[in-house]
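Undergrad: any chance you could fold what I've pasted below:
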Amino acid sequence: MMMKPKKLLLLALSFSTVSVWAQGNFGDLPKTVDAKEVEIMSVSEIQFSSRDSIVVDPVTGRTDTLIIDEGITSIKPIEDAVGPALAPRRTPSTSDKDQYGGLTNAGKQTASSGAYLYTYKYPSVDADGNKVVLSAMMGVPRRQFDVGFAHPNNVLIACHETITSNWECPTNYNNGGSWQTGVGMMLMYTRYDRTRQPCCLVIMPDYEGYGITANRAHPYLYQELTARQVVDAVRYGLAFYNANVGSGKDFRTLEDDWQSVSLGYSQGGSVALAVHKFIEQNGLDTDLHYAGSVCGDGPYDPVGHLLYYINDNGRTYHVKDKEEKKTAHTPGTVSMPIVMPLILKGMCDSNPLMRQHYIDEYLSSKFLSTGSMDMIEAKSKSEKEDQFSTRDVTKRYIKQRKEGMSNLVTIHHPYLGPASYRIPYTAAQVCEMFYYASDPLLFGSPACYGKLQQMLTEECYTYFTTSSNFQDAQGNRVTPTARGTMQDLHRALESNNLTVGWTPKHRVAFYHSTYDTVVPFANLCSFVKNQPNLDYYVTDLYRLYYANATPSTLVADEKKADVYIEITNSTEDHVGAGKDFFFLGNVFGTSPDYALYKWVLEKKE
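TA: Below you'll find the predicted structure:
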């Protein structure tokens, strides 16, 4: 492939630093932050609903009452609290007490709790180290049976999952967000009642490219940058909170022994681990009372992640009665095709090694004809119906399998610059690329599987299917030192590998499904292989053993572990496993995320 003139100069200037991985230059991290730089955008009052459920122990015959959570039932804006650092100061009316005060509903609803929801702007930096103003949400727990504030026990650094629609971002939650999402479930940590008291101050940033920066590119999987921005949101959020601590009317002080935990699923799982690394490497663990991270099915090793797509034959390592089970994955396929343009666009838009490259050097014109890039960039449009969630994207692919496609494609030709044109593809030709699809009428998630040989350029596919580019004769992972179109991508991906280059000092709790074909089990295995100096507690060692990722140091008592690995028995793929992570059994307090959160808060013996 011929090199563009502007790229040739950039490559020539960079050969002296080929041995250095791409690293962000985000400027010095400020020692302190000023609460006056926080601007409140909105304040809302939210209410959690729950109901009693009577259960009987079949052995003892004893009855017990479980509280079944039904999520956030109402969100009411508090208009007079917007602007300066003002907290809600009103007294509930009789109607408010009917709605929020714990009255029963035909004997099914029980007294529960609520929270206040703040959205705010805060300063951070972008990939070039320039100042950028981003947005975040903070959930503040409310006392039971009252509209006053509670004393938060801990701080949850909540990291949201992959989204492609701006209406799914945290600060837009009060515009009709579902509580059965990662954002909604992490807000549940603000709840306070007498039986379960997570009672957390929850800080959940919009990633750059969402919220008030929807017109900017999202640096997908640029871990160091996203971690810096999330940590800035936490520091400014805490500064605002502490500046407004008062007696009676304002925020209550955090408990003396408060701790912070980063938690997330999918992209949020990798961000939670990246935040963990960033906090430790920048000496912020003491200031933030940091306890550790809870990471669900996250892409911690981008290169290993993509090699799974290339090589995996469906093995799940779910060994039961010595029988290995299979997933629907086959070599050279991807079960959520939008992942590829998200990763590649994120690298091209933000990673220092990729700035001189274009997306069409990696994605085929056939795949670009799906309009995937337009669907990703539609997040900047003002109307919800003009944006595309990941579910909407999948449905568009399914439609193209039936009707064909002919979207405008822009290709950057060497020396000649960009040119836009349309190439029509028949339904049969689309089905060669999207070889399987399922679109449930009522329940379940739509699915569409893609063939990478059709989705990627010939050069890109050949590079990733050539094993010698990724391992030496002894089977050890290697990273190129030379520059080039594919080598730069390889190095950019490897620069975001969270499993190497550090050893966690605080606890890490992992949750992963061996049936996940979107964010594969290989990511967790990479962490285990690359972190031999930690003490592991594993719920199902056989599956790690069959994946050739047995920890070097195992402990029989979870209290003595640095790392807790819960390998779920769920046979669900990525979306279903995420629901199990946050919502197993429909009882908050017994779900895996909350159990792992509590483990992280405990001190290692």
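Undergrad: any idea which helix or strand in the protein has the lowest mean pLDDT?
TA: Within the chain, no helix or strand scores below helix 94-100, which has a mean of 30 by mean pLDDT, DSSP states H and E.
Undergrad: what helices or strands is the next helix-or-strand element following that one leaning on?
TA: Sequence-wise, the next helix or strand downstream of helix 94-100 (DSSP states H and E) is strand 114-125. The contact analysis (3 or more C-beta pairs under 8 Å, 6 or more residues apart in numbering; DSSP states H and E) places strand 114-125 against strand 39-56, strand 131-141, helix 223-243. From N, CA and C alone the C-beta is placed, and that goes for glycine too.
Undergrad: adding mean neighbour count and mean pLDDT, write these out as JSON lines.
TA: Formatted as JSON lines, the helices and strands packed on strand 114-125 follow (neighbours: other C-beta atoms under 10 Å; pLDDT from 0 to 100):
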{"stretch": "strand 39-56", "mean neighbour count": "17", "mean pLDDT": "74"}
{"stretch": "strand 131-141", "mean neighbour count": "23", "mean pLDDT": "95"}
{"stretch": "helix 223-243", "mean neighbour count": "23", "mean pLDDT": "96"}
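Undergrad: for those, which one sits closest to K598?
TA: Of all those, strand 131-141 sits nearest to K598, with 16.7 Å by C-beta to C-beta.
Undergrad: can you pull the phi/psi pair for the closest residue to Y436 other than its chain neighbours?
TA: Take Y436 and drop its neighbours on the chain: the residue closest to it by C-beta to C-beta, 6 or more residues apart in numbering is Y449, 4.3 Å away. When read as degrees, to the nearest 10, the backbone of Y449 gives phi -100, psi 140.
Undergrad: pull out the C-alpha coordinates of stretch 326-336 and format them as CSV.
TA: Only the C-alpha atoms of stretch 326-336 are listed here, as CSV (Å, rounded to 0.1, in the frame of the first residue of the first chain):
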residue,chain,number,x,y,z
LYS,A,326,-18.9,-25.4,23.1
THR,A,327,-20.1,-22.0,22.1
ALA,A,328,-21.4,-20.9,18.7
HIS,A,329,-18.0,-19.2,18.0
THR,A,330,-16.0,-20.3,15.0
PRO,A,331,-12.5,-19.2,13.9
GLY,A,332,-12.4,-15.9,12.1
THR,A,333,-15.7,-14.6,13.3
VAL,A,334,-17.1,-11.9,15.6
SER,A,335,-20.5,-12.2,17.3
MET,A,336,-21.0,-8.4,17.7
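Undergrad: going forward, the N-terminal residue is numbered 143.
TA: Fine by me, first position is 143 from now on; the one you just mentioned is stretch 468-478.
Undergrad: tell me how far that stretch lies from the chain's centre.
TA: 22 Å (C-alpha atoms, centre = their mean, to the nearest Å).
Undergrad: how about it: buried residues?
TA: Judged by neighbour count using 16 or more other C-beta atoms under 10 Å, the buried positions of stretch 468-478 are T469, H471, T472, G474, T475, V476, S477, M478.
Undergrad: ok, stretch 589-609 next?
TA: 589-594, 596-599, 602-603, 605-607.
Undergrad: what residues does that stretch touch?
TA: Stretch 589-609 is contacted from outside by 143, 448-449, 451-452, 470, 474-479, 482, 502-506, 508-509, 536, 539-540, 543, 574-581, 611, 627-628, 631-632, using C-beta atoms under 8 Å, 6 or more residues apart in numbering.
Undergrad: give the contact list for the closest residue to M478 other than its chain neighbours.
TA: Among residues not flanking M478 along the chain, V660 sits closest, at 4.7 Å (C-beta to C-beta, 6+ apart). With contacts defined as C-beta under 8 Å, 6+ apart, the neighbours of V660 are S477, M478, V481, D715, H716, V717.
Undergrad: quick one: closest of the helices and strands packed on strand 256-267 to R333.
TA: Taking those one by one with C-beta to C-beta, strand 181-198 is closest: 5.1 Å.
Undergrad: which regions of the stretch 393-542 of the chain sit below the pLDDT cut-off?
TA: By pLDDT under 70, the weakly predicted segments of the stretch 393-542 of the chain are 462-465.
Undergrad: where do the strands sit along it?
TA: Assigned by DSSP state E, counting those that start in this stretch, the strands in the stretch 393-542 of the chain fall at 402-407, 432-438, 475-476.
Undergrad: tabulate those (JSON lines), appending distance to L686.
TA: JSON lines is the format used below for the strands of the stretch 393-542 of the chain (distance: least, C-beta to C-beta, whole Å):
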{"stretch": "strand 402-407", "distance to L686": "20"}
{"stretch": "strand 432-438", "distance to L686": "16"}
{"stretch": "strand 475-476", "distance to L686": "24"}
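Undergrad: so which of those comes closest to A292?
TA: Of all the strands of the stretch 393-542 of the chain, strand 402-407 comes closest under C-beta to C-beta, at 17.2 Å.
Undergrad: who's I345 bridged to?
TA: Beta-bridge partners for I345, by DSSP bridges, are M280, I299.
Undergrad: Q613: how many residues sit nearby?
TA: Q613 has 12 neighbours, counted by other C-beta atoms under 10 Å.
Undergrad: err, N455, not the other one
TA: There are 9 residues near N455, going by other C-beta under 10 Å.
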